[in-house]
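**Student:** This is the structure alone, sequence omitted:
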RNA sequence: CGGGGCGUAGCGCAGUUUGGUUAGCGCGCUUGACUGGGGGUCAAGAGGCCGGAGGUUCGAAUCCUCUCGCCCCGACCA
């Protein structure tokens, strides 16, 4: 408190400015920084990348469990490929970066730096698939992509970003749709179980769907400011790309037909979702399953070197014991006072912190603090490993419950246009569950007048059951309510 | 792409209106001592072609022209 004038609290409180807070948490949590030298791009720093690696590993396992294999396709795509699917060109043209010179010479046909790989993968699928016996083809690639954005935000929208894109080909539409939903569910489970980020699964409206898809499905999460974050998508591509790239197979009956394709992806945007789901005014908060460091042990040194040596030994022992039990623990015995270390690890989002000093060694205790709780307490050294495991599990659960409770508290059913417009005019971050007549025109009107868009048409079984009614804008018949919100 | 703001030490800024010679401050950093249970104290240091180019001038961080870049707010997007 007395140190306020020393520029020590460098995180803008959320209440003051949510965008500034977001940037501050990323900086202080050492996740990433703006590259500066390359427009719209960022450097993902080791701590941020470690989180991405945990996301990757977990998702990769889950993909493979469904029979998907990894592969890799070229970064550069012949420009003509992008143009083959009409909606696809239209959707992506504005944000393409194009290579026109290579090896010092003008290229005959420019290359596009991939914004996504449906086209180039379509090309190879055409070569790899002849028979129904080659299907289903289940491929995923971990890659970087580039979409030239007018306005960028760290992790949420950058010129270049990392992601995975799954691409599958099937002999029937039913099977393809099944895969689309299956992968959507993989994403939803991952987000909720691993990232403690509650999501709503649903279908995108025509306006919001992927360029070139028959239908798009999404998981939508609510950030702390009540805005929606599209956190993962899964697309039913129908036969659109099959036709554009001549991906045909011969069926059991000997008929030639175009394959039915899907694509699905999540990106480093998830890291942005992580920040805005759990973090507080003291910095990052990472759910235990996602945390590269799950526990830190901070020693309390004094001037007595013999005592310090004991503290050091106890700290190392504690770290080893935790690691042996699968807890990613760090013992920070660097020079320096404990206070600054506390702040440091707090801002990194480390879930558990243990403090050990001479006093503790005498009493066989440790000071304990959980990142998502305000109080410290003294715990016994003997039961400490079990306590760590229990607390990690509890924190994972509680972060999810808190996020879910927040979403529920900020989701409202509205039935009149006055209420609807009034709410968004007041700039309230809410999910509004309201009826829609199903037309683009209504959607466009709402967007123009309130800034809110249809985040998704929720699927069954999530507490947003379909019920007929009247459109909140036009009063025309509506088959079901949809989720409206302002979005990132 | 429109509107606004900003480029001076690693970070945050002052100085620019009213040119003036060694360009300042806070934090951070280095070294040492004292310390040590939530950003401690003292001392000594290191660190700048003031975003870039051109011009005006005896003299430019400061004035003029051009340029590059970044951030914020809006229209388009994982």
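**Tutor:** The structure has been received and is ready for your questions. Only a predicted model underlies this, so the values are computations on that prediction, with no experimental measurement involved. Numbering: from 1, shown residues only, chains lettered A, B, ... in the order given.
**Student:** which residue ranges form the strands in the stretch 201-350 of chain A?
**Tutor:** Using DSSP state E, counting those that start in this stretch, the strands of the stretch 201-350 of chain A run over A:215-222, A:228-238, A:248-250, A:256-258, A:260-267, A:295-299, A:329-331.
**Student:** Quick check: phi and psi on residue A:127?
**Tutor:** With angles defined as degrees, to the nearest 10, residue A:127 sits at phi -80, psi -30.
**Student:** where's it relative to residue A:135, distance?
**Tutor:** To residue A:135, residue A:127 is 14 Å away according to Cβ to Cβ, to the nearest Å. In short, each C-beta sits where N, CA and C put it, glycine included.
**Student:** just residue A:353 next, same as before
**Tutor:** For residue A:353, the distance to residue A:135 - Cβ to Cβ - is 52 Å.
**Student:** which residues sit in contact with residue A:429?
**Tutor:** Shown in contact with residue A:429 (Cβ atoms under 8 Å, 6 or more residues apart in numbering): A:222, A:223, A:225, A:226, A:227, A:410, A:485, A:486.
**Student:** between these, which has the most around it?
**Tutor:** Within the contacts of residue A:429, residue A:222 tops the neighbour count with 29 neighbours, counted by other Cβ atoms under 10 Å.
**Student:** Now do that one against residue A:443, distance only.
**Tutor:** Relative to residue A:443, and taking Cβ to Cβ, residue A:222 is found at 20 Å.
**Student:** now do residue A:167
**Tutor:** Taking Cβ to Cβ, one finds residue A:167 at 29 Å from residue A:443.
**Student:** Have a look at the two and say which one is more surrounded.
**Tutor:** For residue A:167 and residue A:443, the more surrounded residue by other Cβ under 10 Å is residue A:167, and the numbers stand at 28 against 22.
**Student:** Who is the more buried one paired with across the strands?
**Tutor:** Counting by DSSP bridges, residue A:167 is bridged to residue A:139, residue A:263.
**Student:** what's the pLDDT at it?
**Tutor:** Looking at residue A:167, its pLDDT reads 97.
**Student:** Kindly report the same for the one 4 residues further on.
**Tutor:** According to the prediction, residue A:171 has pLDDT 97.
**Student:** isn't it right up against residue A:251?
**Tutor:** Yes: between residue A:171 and residue A:251 there is a contact at 6.6 Å, judged by Cβ atoms under 8 Å.
**Student:** Looking at these two, which is more packed in?
**Tutor:** With neighbours defined as other Cβ under 10 Å, residue A:171 and residue A:251 compare such that residue A:171 has more, 21 against 13.
**Student:** so what's the more buried one up against?
**Tutor:** In this structure, residue A:171 makes contact with A:132, A:135, A:136, A:249, A:251, A:257, A:259, A:260, judged by Cβ under 8 Å, 6+ apart.
**Student:** switch the cut-off to 7 Å
**Tutor:** Contact analysis of residue A:171 by Cβ atoms under 7 Å, 6 or more residues apart in numbering lists A:132, A:135, A:249, A:251, A:259.
**Student:** Count the neighbours of the closest residue to residue A:323 other than its chain neighbours for me.
**Tutor:** Excluding its sequence neighbours, the residue lying closest to residue A:323 (Cβ to Cβ, 6 or more residues apart in numbering) is residue A:329, at 5.5 Å. Other residues lying near residue A:329 total 24 when counted by other Cβ under 10 Å.
**Student:** what do you get for residue A:65?
**Tutor:** 9.
**Student:** Need phi/psi at it.
**Tutor:** Backbone torsions for residue A:65, taken as degrees, to the nearest 10, come to phi -60, psi -20.
**Student:** Name the nearest residue to the one residue in the stretch 351-488 of chain A that gets nearest to RNA strand B, sequence neighbours excluded.
**Tutor:** Going by Cβ to the nearest atom of the strand, RNA strand B is nearest to residue A:359 of the stretch 351-488 of chain A, at 2.3 Å. Distances taken as Cβ to Cβ, 6+ apart place residue A:300 nearest to residue A:359, at 7.6 Å, with adjacent residues excluded.
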